[in-house]
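Trainee: Sequence and predicted structure below; questions after.
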Amino acid sequence: MKELLRTTDPTVIPYAKVLLASEDIEAFELDVHMSALEGSIGILPRRLMVRERDHFRASALIRDFGIPVES
């Protein structure tokens, strides 16, 4: 698995997952339950991971829709 993006914006991950699913790219969200530790104030970023073989295509797809990705 390779990190595709990291964000504290609660709307970005679901949006990216829908875009990826439309192209049959599996994505896995990490750090989902960290909000319990931080008190739900949104300072800890969530990460979206994809398979290494899908990373290039996934990066291009979400970049085309205006979502910034990790290099």
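Mentor: Structure received.

Trainee: export the host helix or strand of Ile13 as PDB, just CAs?
Mentor: Using DSSP states H and E, Ile13 maps to helix 12-22. C-alpha atoms of helix 12-22 as PDB (Å, rounded to 0.1, in the frame of the first residue of the first chain):
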ATOM      1  CA  VAL A  12     -11.900  15.000   0.900                       C
ATOM      2  CA  ILE A  13     -11.500  11.300   1.800                       C
ATOM      3  CA  PRO A  14     -15.100  10.300   0.900                       C
ATOM      4  CA  TYR A  15     -15.000  12.300  -2.300                       C
ATOM      5  CA  ALA A  16     -11.700  10.700  -3.300                       C
ATOM      6  CA  LYS A  17     -12.900   7.200  -2.500                       C
ATOM      7  CA  VAL A  18     -15.900   7.700  -4.700                       C
ATOM      8  CA  LEU A  19     -13.800   8.900  -7.600                       C
ATOM      9  CA  LEU A  20     -11.400   5.900  -7.100                       C
ATOM     10  CA  ALA A  21     -14.200   3.400  -6.900                       C
ATOM     11  CA  SER A  22     -15.600   4.700 -10.200                       C
END
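
Trainee: Touching it from outside, list them.
Mentor: With contacts defined as C-beta atoms under 8 Å, 6 or more residues apart in numbering, helix 12-22 is touched by 4-5, 7, 26-27, 29, 46, 48, 50, 58, 61-62, 65, 67. Using the backbone N, CA and C atoms, a C-beta is placed for each residue, glycine as well.

Trainee: same deal with stretch 53-60?
Mentor: When contacts are defined by C-beta under 8 Å, 6+ apart, stretch 53-60 is touched by residues 2, 4, 20, 23, 25-27, 50, 69.

Trainee: go with 10 Å
Mentor: Stretch 53-60 has contacts (C-beta atoms under 10 Å, 6 or more residues apart in numbering) with 1-5, 16, 19-20, 23-27, 48-51, 61, 67, 69-71.
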